[in-house]
Each structure stands twice: as C-alpha cells, then as structure tokens.
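Enquirer: Give me the fold of what follows.
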Amino acid sequence: MKLSEAIKTRQSIRAYLEEPVSAEEVAEVVEAGRWAPNAGPFHISVIRNETVLRKINDLTHQAMEQSSREFLRERAALPGYEPLYGAPVVLLLSAPVDSPYGAFNAALAAENMIIQATVLGLGSCFVVSPGLTLKGEGSRSLATEAGIPDGYEFQCAVLLGHTADEDRFSLGERKQKGTVEYLD
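Expert: Numbers count the residues shown, from 1 in each chain. Okay, the predicted model is just below:
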C-alpha cells in the first residue's frame with residue numbers, strides 16, 4: 001500500500017473483534033511511533049492486560065458521565081458505549097510533565113502508528129478521553145498501573161485491533177478537514 005493510500009483510507013475504528021493482535025504487528029506499529037519527528041522525549045505504554053484495559057475503560061466512562069462537556073456526557077449515555085470500544089490493545093502516549101512539546105511529540109508518534117496500523121490492515125482510533133482518568137490529581141496510581149513513568153503525564157492514546165463489521169459508534173463519513181491557502 002502506498003503511503004498516500006494509507007492516509008486516505010485510514011479510518012477511526014470504534015468497534016473491534018476479540019481477536020488478538022499479533023506481537024509482531026504490535027511491534028511494527030510501536031516502531032513506527034518511535035520514528036516520528038519529535039522535539040523531546042515521549043513514552044509509549046503498550047497495554048494488552050484485560051484487567052488494566054477494563055479499569056481504564058470503566059473509569060473513563062464514569063468521568064465522561066460526570067463531565068461538564070455535553071458531547072462526552074452524550075457519548076457515555078449511548079447504550080453499550082465503551083470509551084475504548086473493545087480494542088484489545090491500547091497504546092498510551094505520555095510525555096514529561098514539564099515538556100512544552102509533549103502533546104506534539106505524542107500526537108506525531110500516534111499518527112505514525114495509526115498509518116502503520118492501516119498499512120497492516122488493522123483498525124485504529126486516536127483518542128484523548130482516557131486523559132479524564134489518567135491525568136491530573138488522584139490519577140497517579142492508575143497512571144502507574146498503565147505504565148506511565150513517574151514525571152510523565154498522559155497525552156493521547158491509539159486503540160488498535162482487528163476491525164469488527166458493525167460500528168455503532170462511528171461519527172459518520174470521513175471528510176477532508178482544514179483550509180488551505182497558497183502564497184506564491
């Protein structure tokens with residue numbers, strides 16, 4: 001698959017099969033993230049442990065229900081909604097608390113991983129909602145359990161897995177975004 005094709009065909013997958021992702025595929029996706037452009041350190045926590053995934057999912061769901069943001073409350077109220085969408089692998093990206101470019105570094109690594117997942121025929125989704133439970137006061141215990149090093153904080157996550165046929169939580173057809181102006 002050409003890079004341009006992977007970029008155009010990539011989708012945010014919000015429904016995954018229970019089928020595991022091979023260790024080799026996970027390693028390829030993670031390796032792609034490590035080659036991203038960056039302006040400082042970042043960390044990738046690869047979570048496949050079902051207990052940890054369930055805890056992050058359930059606490060994120062609770063935080064969404066109690067959020068001041070209407071969109072998050074509406075999503076959490078959907079019947080059967082799961083913030084991690086049943087993904088068998090979650091890649092958490094974190095950066096040093098004092099890093100002015102931590103969010104950029106993590107987002108660039110996440111994009112590389114998402115494109116690599118597409119090339120491998122895997123589904124993926126960029127999410128930030130786990131930050132509701134992995135970032136801020138009282139979150140250190142769960143962050144440690146999720147592999148986020150001391151002195152680092154959650155920035156974003158990539159969900160990874162084999163795409164299920166039915167995706168009840170899709171936000172609609174993908175469209176180009178942004179505006180462009182050429183200054184010649």
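
Enquirer: Let me see the mean pLDDT of stretch 13-24.
Expert: Across stretch 13-24, the average pLDDT comes to 95.

Enquirer: Contacts for it, please.
Expert: With contact meaning CB atoms under 8 Å, 6 or more residues apart in numbering, stretch 13-24 is reached by 48, 85-89, 122-125, 159-171. C-betas here are computed from N, CA, C, even on glycine.

Enquirer: Repeat the analysis, applying 7 Å as the threshold.
Expert: 85-89, 122-125, 160-164, 166-170 (CB atoms under 7 Å, 6 or more residues apart in numbering).

Enquirer: Does A27 lie in a helix or a strand, and which?
Expert: When secondary structure is defined by DSSP states H and E, A27 falls within helix 23-34.

Enquirer: Adjacent strands (with direction) for the very next helix or strand once past that helix?
Expert: With elements assigned by DSSP H and E, the helix or strand that comes after helix 23-34 is strand 43-47. Counting by DSSP bridges, the strands paired with strand 43-47 are strand 89-96 (antiparallel).

Enquirer: Can you show me the CA trace of the partner strand as CSV?
Expert: Output of strand 89-96 as CSV, limited to C-alpha atoms (Å, rounded to 0.1, in the frame of the first residue of the first chain):
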residue,chain,number,x,y,z
VAL,A,89,-4.5,-3.2,22.5
VAL,A,90,-4.3,0.4,23.8
LEU,A,91,-1.1,2.4,23.2
LEU,A,92,-0.9,5.2,25.7
LEU,A,93,1.4,8.1,24.9
SER,A,94,2.8,10.2,27.6
ALA,A,95,5.5,12.9,27.9
PRO,A,96,7.4,14.6,30.7
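
Enquirer: for the helix or strand just after that strand, packing partners?
Expert: Using DSSP H and E, the helix or strand that follows strand 89-96 towards the C-terminus is helix 102-119. With contacts defined as 3 or more CB pairs under 7 Å, 6 or more residues apart in numbering; DSSP states H and E, helix 102-119 has these neighbours: helix 3-9, helix 23-34, strand 89-96, strand 123-127, strand 152-161.

Enquirer: Quick one, which of these gets closest to E137.
Expert: Closest of these to E137 is strand 152-161, at 11.6 Å (criterion: CB to CB).

Enquirer: ok so, going back, in JSON lines: the helices and strands packed on helix 102-119, plus mean neighbour count.
Expert: Below are these laid out as JSON lines (neighbours: other CB atoms under 10 Å):
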{"stretch": "helix 3-9", "mean neighbour count": "11"}
{"stretch": "helix 23-34", "mean neighbour count": "16"}
{"stretch": "strand 89-96", "mean neighbour count": "24"}
{"stretch": "strand 123-127", "mean neighbour count": "22"}
{"stretch": "strand 152-161", "mean neighbour count": "25"}
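
Enquirer: mean pLDDT lowest for which of the ones you listed?
Expert: Across the helices and strands packed on helix 102-119, helix 3-9 gives the lowest mean pLDDT, at a mean of 91.
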